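Participant: structure here, sequence nowhere to be found:
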């Protein structure tokens, strides 16, 4: 077993970061990368990383 991921070993475009999906439909990567969203293996809802944008949008929609 090596310390290199399969995508790195094969020379495939990818990112070791995670895509964070926000309630406003914006996305961002946890790494500073330009890799397309679809090439990330890990996708998270923003509240999983402590973002409160979903709460703010919900409060705004209710008021």
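Facilitator: Structure's in. What do you need? Everything quoted here is computed from the prediction, not taken from an experiment. Residues are numbered from 1 along each chain as shown.

Participant: please count neighbours and contacts with C-alpha atoms only from this point.
Facilitator: Noted.

Participant: so for this protein, the centremost residue is which one?
Facilitator: residue 19 (0.9 Å; Cα atoms, centre = their mean).

Participant: from residue 2, how far off is that one?
Facilitator: 25 Å (Cα to Cα, to the nearest Å).

Participant: who's the nearest residue to residue 29 once chain neighbours are set aside bridged to?
Facilitator: Here the nearest residue to residue 29 in space, its sequence neighbours aside, is residue 19; by Cα to Cα, 6 or more residues apart in numbering that works out to 4.5 Å. Counting by DSSP bridges, residue 19 is bridged to residue 29, residue 43.

Participant: now residue 19: how far from residue 12?
Facilitator: Here the criterion is Cα to Cα. By it, residue 19 lies 18 Å from residue 12.

Participant: what do you get for residue 21?
Facilitator: Distance from residue 21 to residue 12, by Cα to Cα: 24 Å.

Participant: who's more crowded, these two?
Facilitator: Of the pair residue 21 and residue 12, residue 21 is the one with more neighbours under other Cα atoms under 10 Å, namely 17 against 10.

Participant: and the more buried one, backbone torsions?
Facilitator: Main-chain torsions, residue 21, degrees, to the nearest 10: phi -100, psi 120.

Participant: show me where this protein has helices.
Facilitator: Taking DSSP state H as the criterion, the chain contains helices spanning 6-10, 53-62.

Participant: no further queries at this time; thank you.
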